[in-house]
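In: When you get a sec, could you give me coordinates for this:
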Amino acid sequence: MAPFAAPLAGLGRAVLGALASTGRLAIFAGQTLSHLLRPPFYIREFLAACLQIGWLSLPVVGLTALFTGAALALQIYAGGARFSAEAVVPSITAIGMVRELGPVMAGLMVAARVASSIAAEIGTMKVTEQIDALVTLSTHPMKYLTVPRVLAATLTVPVLVGVGDVIGIMGGWLVGTGRLGFNSATYLKNTWEYLEFWDVGSGLVKGAAFGFIIAVMGCYHGMNSARGAQGVGRATKSAVVGASVAILAANYLLTEVFFSA
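Out: As a prediction, this is how the structure comes out:
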């Protein structure tokens, strides 16, 4: 039995470590939620986070949505042509963008840009003992650093998702009318007729959930980064990877809840 003990022990330590990390992250997220509605509120930090997370992420989200919508229209047309169903391109492109691709692509792009930025910023503050200075000045680090960023991401990512949906549908329209021979008025009519309110609403709810995940991951790994440049680098990498995986997992769970019936 001895030869098998070491691998099993290593596997057990890895599983226990993962569970412990998940528990610490859940506690951190719960503490963040508990502070959201309790004063003091740092409005200036919140507005700065809205600018950083929302407005400055718009170009990358817009470009990603444009090319995703265009590629989606081409793929649906190529697949539909096998069954003489090319007419479904406008409706399926719109539904696919607002339900799945819009929220997920926006979430992943914002995670790559924002989670890394938050983790690096807060991790650097920890390394340079600025967080300790906040405590010395009787300022709660979570209230000052985490809550404004989490609230800003939760509110601005759905806006980015909505803008990305429009741009993605426009990308499909550009390809449909310019490359695939669709009539512009017919394309837009089919897009509008087959979209339902909950198609759009579910994507916006996903965007809010993804924004919360992104900011919590960035703040958590930044707050818990090790000392030194390598520690900050590992925190940044862990924030992006963790946020990306959590977004994909949350997307499945939310899709199951919204559309399982």
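
In: same for the longest helix seen in the chain, what does it pack against?
Out: The residue-count maximum for a helix in the chain (DSSP state H) belongs to helix 2-35. Helix 2-35 sits against helix 147-178, helix 197-223, with contacts defined as 3 or more CB pairs under 8 Å, 6 or more residues apart in numbering; DSSP states H and E. Every C-beta, even on glycine, is put in place using the N, C-alpha and C of the backbone.

In: The longest one to helix 2-35, inter-axis angle?
Out: Read that as helix 147-178. Angle, helix 147-178 to helix 2-35, by axes from the mean of the first three to the mean of the last three CA atoms, to 10 degrees: 100 degrees.

In: can you give me the angle helix 147-178 makes with helix 197-223?
Out: Going by the same axes, to 10 degrees, helix 147-178 makes 130 degrees with helix 197-223.

In: Does the very next helix or strand once past helix 147-178 pack against any helices or strands, and if so which?
Out: Per DSSP states H and E, the first helix or strand lying C-terminal to helix 147-178 is helix 184-194. On a contact count with 3+ CB pairs under 8 Å, 6+ apart, helix 184-194 meets helix 89-96, helix 147-178.

In: Compare the mean pLDDT across these and name the weakest.
Out: Mean pLDDT is lowest for helix 89-96 out of the helices and strands packed on helix 184-194, coming in at a mean of 90.

In: which residues of the stretch 1-150 of the chain score low on pLDDT?
Out: Scanning the stretch 1-150 of the chain with the threshold set as pLDDT under 70 gives 1-5.

In: if you set the cut-off to 50 instead, what comes out?
Out: For the stretch 1-150 of the chain, the stretches flagged by pLDDT under 50 are 1.

In: if we can go back for a sec, go through the helix or strand just after the longest helix of the chain and flag the buried ones.
Out: For helix 2-35, the following helix or strand on the C-terminal side (DSSP H and E) is helix 43-53. Neighbour counts over helix 43-53 (16 or more other CB atoms under 10 Å) mark Glu45, Phe46, Ala49, Cys50, Gln52, Ile53 as buried.

In: Next: stretch 138-155.
Out: 141-143, 145-155.

In: What's the end-to-end length of it?
Out: Length of stretch 138-155, first residue to last, CA to CA, to the nearest Å: 28 Å.

In: residues making contact with it?
Out: 31-32, 35-36, 38, 40, 42, 45-46, 48-50, 52-54, 110, 114, 118, 122, 125, 131, 134-135, 208, 211-212, 214-216, 218-219, 223 (CB atoms under 8 Å, 6 or more residues apart in numbering).
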